[in-house]
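> Structure of the sequence below:
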Amino acid sequence: MEKSCALLVHFDKGTPAMANEIKEAMERNDVPAKIDAMKKAIMLLLNGETVPQLFITIVRYVLPSEDHTIQKLLLLCLEIIDKTDARGRVLPEMILICQNLRNNLQHPNEYLRGVTLRFLCRLPEPELLEPLIPSVLSNLEHRHPFVRRHALLAVAAIYRLPQGEQLLADAPDTVGRTLASEQDPSARRNAFLMLCHCAQDRAVAHLLSHVDAVAGWGELMQMVALDLVCKVCRSKPAEKGRYIKIIISLLAAPSAAVVYECAGALVSLSSAPTAIRAAANTYCQLLLSQSDNNVKLIVLDRLAELKSSHREIMVEMIMDVLRALASPNLDIRRKTLDIALDLITPRNVDEVVLTLKKEVVKTQSAEHEKNGEYRQMLVQAIHSCALKFPEVASTVVHLLMDFLGDSNVASAIDVVLFVREIIESNPKLRVSIITRLLDTFYQIRAARVCSCALWIIGEHCLSLSEVESGIATIKQCLGDLPFYTAIEEREATDSLKKLQQMNSSVTASSRRPAVLADGTYATQSAASEIAFSAPTLVPGSLASPRNLRSLILAGDFFLGAVVACTLTKLVLRVEEVQPSKAEVNKACTGALLIMASMLQLGQSPVLPHPIDNDSHDRIVLCIRLLCNTGDKMRKIWLQSCRQSFAKSKMLADKQFQETEEIKAKAQISYAQPDDLIDIYHLKSRKGMSQLELEDEVQDDLKRATGEFTKDEDDANKLNRILQLTGFSDPVYAEAYVTVHHYDIVLDVTIINRTKDTLQNLCLELATMGDLKLVERPQNYTLAPESSKQIKANIKVSSTETGVIFGNIVYETSNVLERMVVVLNSRCKSIHVDIMDYISPAACADVTFRTMWAEFEWENKVAVSTTIEHEKEFLNHIVKSANMKCLTPLSALDGECGFLAANLYAKSVFGEDALVNVSIEKQADGKLSGYIRIRSKTQGIALSLGDKITLKQKGGI
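Residues are numbered from 1 along each chain as shown. Predicted coordinates for the structure are as follows:
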């Protein structure tokens with residue numbers, strides 16, 4: 001059976017030492033040999049090896065040594081050696097070490113006294129401690145603080161033993177006197193800590209008698225005082241006001257650790273605005289003063305918690321929080337922006353946007369490897385501000401349009417999407433945005449950005465000058481026509497064959513599936529990007545004004561189709577605003593020439609790959625439309641296209657979902673009809689400070705609104721109780737499982753159902769998966785028909801499903817053998833549910849698709865359910881998997897017999913869980929399809945797949 005151990009030493013099993021060699025080395029007079037032998041003996045004992053007659057050898061040859069290192073190793077060896085027999089009685093030979101320990105406690109050397117006192121802290125046998133008590137107490141008055149501080153620790157450890165009050169009956173009085181006269185900070189801390197644990201009333205009395213001096217205490221003493229204040233406030237809420245003053249006085253302490261703990265204590269103990277404001281100020285100061293990135297991230301987590309519970313106070317701190325953007329770490333910047341975006345109000349939005357604009361300018365001037373990614377975050381933040389408060393869009397849109405040609409494609413895409421939404425929602429900015437877009441269009445380098453910018457030009461160029469400028473800009477970026485000559489065609493034919501041979505292997509190996517917006521798959525090949533990069537086939541470059549020409553010659557015919565559609569819209573617009581028929585015909589002829597040239601380029605052998613059918617059909621449609629224009633077609637192209645974008649309500653859907661979620665949270669009330677409500681104005685205010693008054697008011701408000709009611713009622717708690725043994729077993733056990741992020745607490749209730757006293761009863765647990773048992777529960781004695789509460793702590797390191805199992809071992813006086821009751825023999829094991837670790841989260845569609853392409857672990861679950869409606873099945877999966885549906889509500893409207901949706905969640909360990917639901921309704925009314933789960937790690941993909949498999953039927 002395993003034993004508790006306070007010492008860990010690395011042990012190399014490859015070269016184990018022999019017991020005879022260790023004994024021979026101990027018997028020599030060579031001090032280095034004895035030291036080496038003692039180290040080997042300790043390592044053997046720690047790893048469960050047995051060394052016969054070792055204790056006698058140590059007593060004869062090692063105990064008399066005066067060497068300090070040997071004496072230290074001797075104490076370590078005595079700590080781990082078996083000092084009791086099978087029945088728990090002290091071995092007779094252990095009495096031999098008592099005299100040596102007494103001599104060490106009276107030794108003139110302070111080091112030997114100190115290490116011996118430290119050893120006594122881990123000696124639980126009262127038979128060995130009793131003769132040493134006078135020597136321990138005499139060390140409380142030793143001249144050296146090293147000895148005194150360890151003597152206080154020894155007194156505290158002995159007093160906390162089951163028989164400690166008998167060994168040291170007047171320990172609190174003795175330690176109290178020592179605390180009053182002690183000057184050493186560490187010794188004072190040890191004495192105060194002992195009183196806090198063993199005589200709390202004495203510790204409180206000492207604290208209250210030195211309230212004015214607490215601010216001048218050392219860091220260690222202040223931390224203990226803070227812990228004591230929290231304990232007292234929780235046990236005596238009525239006296240909370242007088243102790244919170246102590247916490248506020250410690251906010252000015254020079255130690256960052258003390259200040260951080262004070263802020264946390266204020267938040268947990270008080271809801272008064274003054275206290276919360278002081279805590280928020282403290283966190284903001286720590287955020288700026290500390291250089292460690294880990295500390296900054298922890299402080300940001302605390303600020304995020306404050307934001308969720310005390311948003312009105314955190315709104316005042318938004319500018320202080322934004323100062324953390326000065327850190328170069330992207331994680332810190334991301335968390336800072338997430339917190340700030342939730343605190344924006346009409347009063348502070350101008351300041352926030354101004355700060356974000358300055359940060360954008362800094363990314364343009366400073367040289368940093370991650371400036372592009374940071375700029376993308378800033379663009380998204382400004383985008384969010386502009387959606388909530390459209391009036392600020394005019395101050396940022398022109399600045400952001402300078403980054404349409406950003407080398408970071410993701411950042412440029414965010415900018416152009418922002419411009420598209422702003423020009424749609426703010427008609428007053430249309431003229432200035434179009435003018436700026438036409439001036440900067442030649443700087444755009446990415447095809448996706450060009451496509452979106454061309455759509456904006458085609459839809460929002462309304463006046464004659466704007467339309468003519470748009471056509472001229474497109475022609476300038478396309479360059480001279482045709483795109484190639486006959487001479488270039490003949491020269492390119494031979495080189496094309498060589499390139500095809502070189503890239504044939506690349507083509508076969510670089511094709512990979514890509515996920516579309518609706519969750520379906522398409523095949524994407526990177527070979528075209530490699531083959532089209534030959535300089536002989538691409539005249540011009542992306543940096544030149546002819547960026548459209550370079551992209552089209554690189555084989556991007558989808559962009560060519562977008563150019564054709566844009567030119568078609570502009571020509572149709574010219575027919576409406578241009579009175580001269582000759583100018584209209586001229587514009588139409590120029591557009592037709594461009595489209596015909598693109599078709600000729602797509603069908604020529606100059607490029608390795610011809611134009612795709614979709615792009616070809618689109619360009620041909622545009623040519624036919626310009627050759628034969630009708631009023632109905634003109635209305636479709638000039639009005640319906642833009643209306644379809646507006647009717648999709650992309651912005652409205654997002655805002656509607658957020659508003660509904662906020663309303664749903666606000667409408668939840670746990671107040672019961674018969675709850676008592678205190679009237680604030682009828683309360684007595686005598687002797688109450690402003691802070692105490694505010695705290696009382698906030699507590700009353702919480703009682704009235706039901707915030708004191710826990711989220712889980714008693715019925716839900718009963719659902720988390722697991723039966724571990726059968727009703728007919730001599731020992732009945734059940735466990736209540738509490739999961740809190742990285743910790744699992746098993747509160748096990750054990751009932752003795754026999755008429756005998758159970759001795760050395762122990763709950764032995766083992767784990768499978770990424771679970772680790774923190775400490776082994778100790779042995780207990782259980783009277784007949786009595787019960788015992790045992791708590792076991794387990795650490796979790798990932799979201800992979802884990803299993804906890806074990807047994808209960810005990811002894812009775814009638815049976816010599818140990819009895820074992822196996823847990824879970826008649827019921828299932830304790831499974832750690834992944835639902836306790838993941839929570840719904842939101843991310844952008846582009847981010848979702850990027851992660852979907854990058855994550856390599858996929859779990860594919862076939863749909864097998866009795867639910868017959870697509871949306872009902874989707875809602876059931878969302879609820880069962882505890883995820884958020886990213887697909888807009890407008891995309892799920894209607895009845896088409898097919899549904900595709902993306903779900904997203906995030907674990908407490910920072911892992912992303914991506915789910916794509918693709919289902920189809922069959923002719924017989926049943927649903928079929930697949931649920932694909934992707935993640936960066938295998939554990940979350942498998943665990944979430946198992947959960948969905950169990951839950952998807954709807955009846956489980």
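> Which stretches in the stretch 551-700 of the chain count as helices?
Along the stretch 551-700 of the chain, counting by DSSP state H, counting those that start in this stretch, helices occupy 557-577, 581-602, 613-627, 631-635, 641-647, 650-667, 690-705.
> Show me which residues of the shortest one are buried.
Going back to what we said before, that points to helix 631-635. Arg634 (16 or more other Cβ atoms under 10 Å). All C-beta atoms are positioned from the backbone trio N, CA, C, and that covers glycine.
> hey, where'd the helices end up in the stretch 751-900 of the chain?
Going by DSSP H, counting those that start in this stretch, the stretch 751-900 of the chain shows helices at 845-854, 870-881.
> Which of the ones you listed has the lowest mean pLDDT?
For those, the weakest mean pLDDT is recorded on helix 845-854, namely a mean of 84.
> Now it: buried residues?
Val846, Phe848, Arg849, Met851, Trp852.
> Dump the residues you listed to a markdown table, plus distance to Ala410.
Shown next, in a markdown table, are the buried residues of helix 845-854 (distance: Cβ to Cβ, whole Å):
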| residue | distance to Ala410 |
| --- | --- |
| Val846 | 7 |
| Phe848 | 13 |
| Arg849 | 11 |
| Met851 | 13 |
| Trp852 | 15 |
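> Most widely separated two among those?
Val846 and Trp852 (10.7 Å; Cβ to Cβ).
> overlap in contacts of those two?
Common neighbours of Val846 and Trp852 are not found (criterion: Cβ atoms under 8 Å, 6 or more residues apart in numbering).
> Now do the buried residues in the helix or strand hosting Val115.
For Val115, the host element (DSSP states H and E) is helix 110-120. The neighbour-count check on helix 110-120 (16+ other Cβ under 10 Å) flags Glu110, Leu112, Arg113, Gly114, Val115, Thr116, Leu117, Arg118, Phe119, Leu120 as buried.
> try stretch 608-617
Applying 16+ other Cβ under 10 Å to stretch 608-617 flags Pro608, Ile611, Ser615, His616 as buried.
> And the pLDDT at the third one?
If I follow you right, that is Ser615. Per-residue pLDDT puts Ser615 at 90.
> and it, what is it in contact with?
Applying Cβ under 8 Å, 6+ apart, the residues near Ser615 are Phe557, Phe558, Gly560, Ala561, Gly602.
> how near is the fourth one to Phe805?
Taking Cβ to Cβ, to the nearest Å as the measure, Ala561 and Phe805 are separated by 62 Å.
> The two: which is more packed in?
The residue with more neighbours, out of Ala561 and Phe805, is Ala561; 24 against 16, by other Cβ atoms under 10 Å.
> isn't the more buried one right up against Arg618?
Yes: with contact defined as Cβ atoms under 8 Å, Ala561 and Arg618 form a contacting pair (4.1 Å).
> where's Leu746 relative to Gln476, distance?
Applying Cβ to Cβ to Leu746 and Gln476 gives a distance of 72 Å.
> element containing Gln476?
Element membership for Gln476 (DSSP H and E) is helix 464-478.
> Comparing the helices of the stretch 551-700 of the chain by mean pLDDT, which bottoms out?
helix 650-667 (a mean of 52).
> give me the low-pLDDT residue ranges for the stretch 401-550 of the chain?
485-546 (pLDDT under 70).
> Let me see the ranges of the helices in it.
For the stretch 401-550 of the chain, the helices defined by DSSP H, counting those that start in this stretch occupy 409-425, 430-440, 447-460, 464-478, 486-509, 527-531, 547-553.
> which residues does Leu914 bridge with?
Tyr904, Arg934 (DSSP bridges).
> Surely it is in contact with Ser935?
Yes: counting by Cβ under 8 Å, Leu914 touches Ser935, with 6.7 Å between them.
> and the helix or strand harbouring Val748, what's its mean pLDDT?
Secondary structure assignment for Val748, by DSSP H and E: strand 743-752. Taken as a whole, strand 743-752 has an average pLDDT of 86.
> Outside of stretch 631-650 itself, list whatever touches it.
By Cβ under 8 Å, 6+ apart, the list of residues contacting stretch 631-650 reads Glu421, Glu424, Glu459, Thr568, Lys569, Leu572, Arg573, Glu575, Glu576, Leu625, Pro888, Ser890.
> right, and the first one touches Pro390 too?
No: using Cβ under 8 Å, Glu421 makes no contact with Pro390, being 9.7 Å away.
> if we can go back for a sec, drop anything exposed from the contacts of stretch 631-650.
Buried, going by 16+ other Cβ under 10 Å: Glu421, Glu424, Glu459, Thr568, Lys569, Leu572, Arg573, Glu575, Leu625, Pro888, out of those.
> how about the residues you listed in TSV, adding distance to Val397?
Formatted as TSV, those follow (distance: Cβ to Cβ, whole Å):
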residue	distance to Val397
Glu421	10
Glu424	12
Glu459	17
Thr568	27
Lys569	22
Leu572	27
Arg573	23
Glu575	30
Leu625	32
Pro888	24
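> from those, which two are the most distant?
Glu575 and Pro888 (35.4 Å).
> Please report how far the residue nearest to His68 when sequence neighbours are not counted lies from Glu125.
Excluding its sequence neighbours, the residue lying closest to His68 (Cβ to Cβ, 6 or more residues apart in numbering) is Tyr111, at 6.0 Å. Per Cβ to Cβ, Tyr111 is found 24 Å from Glu125.
> go on, Ser943?
Counting by Cβ to Cβ, the gap from Ser943 to Glu125 is 46 Å.
> hmm, back to that, so which of the buried residues of helix 845-854 is the closest to Val299?
Using Cβ to Cβ, the buried residues of helix 845-854 come closest to Val299 at Met851, 27.6 Å.
> Spit out the contact partners of that closest one.
Counting by Cβ under 8 Å, 6+ apart, Met851 has contacts Cys843, Asp912, Leu914, Arg934.
> Among those residues, which one has the most neighbours?
Leu914 (26 neighbours).
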